[in-house]
Each structure stands twice: as C-alpha cells, then as structure tokens.
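**Q** Fold the following for me, if possible:
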Amino acid sequence: MNLSITIIGHNEVEHLRELLPQLKWPDEIVYVDCESHDGSLEVAREAGCRVYSRPNNTNLNVNKSYAMEQANGDWVFYVDPDERIPEFLVSEIEKVIQGTTNSAFKLNRRNHYFGNWLRHGSQYPDTQLRLFRKDSAHFPNRHVHEKLVVEGSIGKLNNDMLHFPYLNISQFLSKFDFYTRVEAGYLRD
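**A** Residues are numbered from 1 along each chain as shown. Coordinates of the predicted model:
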C-alpha cells in the first residue's frame, strides 16, 4: 500500500520549513498553495513536494478535495502545516495501512497554544479523522471545518499528532478574525 500526504496552505512558510523535513516517509507529498506571498510555494517545491496553486478559498474543503484528487496513493494522510507527526505515529501508520480492513483512522491531536500543551477541557483529546483510503472518503464542500465523510469502518490510532496553531497572540487574533468572517458569511447566506 502506498501513502500520500496532502497539505494545503496560505502563507505558511515558517511552518513548512519545520514540517517538510520531517516527512521523508510517505511515497509522495502533495502541497496545494492558496495564493501565498511569503515563499511557501518555493519551500514546498524545494522539499520535493508535488506543488499546485489554487485560489485561497475560505471553504478549505474545496482545496482539501483538490489535493486529494491529485494524490496517487491508495491511502491519504491529510496534514495541516502547523501540525507535526512524531516518529512513533509514523511507525503506527506504516503498520496499520498494510493489513487493515478499515477505510479510515481517527487519531488524537495535542493542541499547543503559545507553546503550552492544553491537556484539559475540550482541547484534548482533539480527535481528528485524517488517515483514509482515497477511494473511500471525500470532503463535503459546504463549510470550512466540515468533517471528512468515509464509507466503511473507522479505526483509532494509539499515538497522537501534535498541533501548534498559535505561537503568539498575533497569530491567534489573525485566525480568530478569519474564522469569524467565514462564519458570519455562512450566517448571512
């Protein structure tokens, strides 16, 4: 079984510089750049990703779907630029896709805000459905955080993914502004 990692991003050069060197294990990395102007596209290309350019659609699933369509792997692992894949999770993924009857796998994500892991409340475990057979899943193209739809059984991985969405208050406020504008647009429509 072969595996494609798909990533979409807009102005994620710093995250990509940290993430991409860690991703030596998949058969391919598909990066869809969404109108970046910070060098993200060049960093992805230099790292050996298959690179595509698309409009920066506020409905992220449009570009997630496009990335999935470009992937050649039987299995797809969707990763955000601000996420990290520890080695023990890599080993588990490589094992489970070899002989499973599941169509997809959920995993827990450890959210780190301003450098601190949020262990309690709604932030952990932050369960995500990210690893799936390409022919058994699709992203609905309705809303920004619409969940992946899977046909077939879904398993659960034991190891966690790491997530670093906000390194400082400026990043937090910028993303907060983006998501509130998107949600306000949904309410208006």
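**Q** Helices of the chain, start to end?
**A** Ranges of helices in the chain, per DSSP state H, are 13-19, 40-46, 60-70, 87-99, 169-188.
**Q** burial measure for residue 109, as a count.
**A** A count of neighbours around residue 109, defined by other Cβ atoms under 10 Å, yields 19. All C-beta spots, glycine's among them, are computed from the backbone N, C-alpha and C.
**Q** The most centrally placed residue in the chain and residue 36, how far apart?
**A** Nearest to the mean C-alpha position of the chain, counting by Cα atoms, centre = their mean, stands residue 79 at 2.5 Å. According to Cβ to Cβ, to the nearest Å, residue 79 stands 17 Å off from residue 36.
**Q** low pLDDT regions in the chain?
**A** Across the chain, the ranges flagged by pLDDT under 70 are 1, 142-146, 189.
**Q** rerun that using 90 as the cut-off
**A** Within the chain, the stretches with pLDDT under 90 are 1, 56-63, 99, 113-115, 120-123, 138-148, 165-189.
**Q** longest strand of it?
**A** Secondary structure assigned by DSSP state E gives strand 104-113 as the longest strand of the chain.
**Q** Report the inter-axis angle for that one versus helix 169-188.
**A** Here the directions of strand 104-113 and helix 169-188 differ by 130 degrees (axes from the mean of the first three to the mean of the last three Cα atoms, to 10 degrees).
**Q** which of the residues in strand 104-113 are buried?
**A** Applying a neighbour-count criterion of 16 or more other Cβ atoms under 10 Å, one finds 104-113 buried in strand 104-113.
**Q** ok so, going back, make a markdown table out of the helices of the chain and add distance to residue 3 and mean neighbour count.
**A** Shown next, in a markdown table, are the helices of the chain (distance: least, Cβ to Cβ, whole Å; neighbours: other Cβ atoms under 10 Å):
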| stretch | distance to residue 3 | mean neighbour count |
| --- | --- | --- |
| helix 13-19 | 16 | 19 |
| helix 40-46 | 18 | 19 |
| helix 60-70 | 13 | 19 |
| helix 87-99 | 6 | 14 |
| helix 169-188 | 29 | 11 |
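**Q** Let's have those helices in CSV, adding distance to residue 121.
**A** Converted to CSV, these look like this (distance: least, Cβ to Cβ, whole Å):
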stretch, distance to residue 121
helix 13-19, 24
helix 40-46, 32
helix 60-70, 24
helix 87-99, 23
helix 169-188, 16
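**Q** so which of those helices comes closest to residue 122?
**A** Taking Cβ to Cβ, helix 169-188 is the member of those nearest to residue 122, at 15.8 Å.
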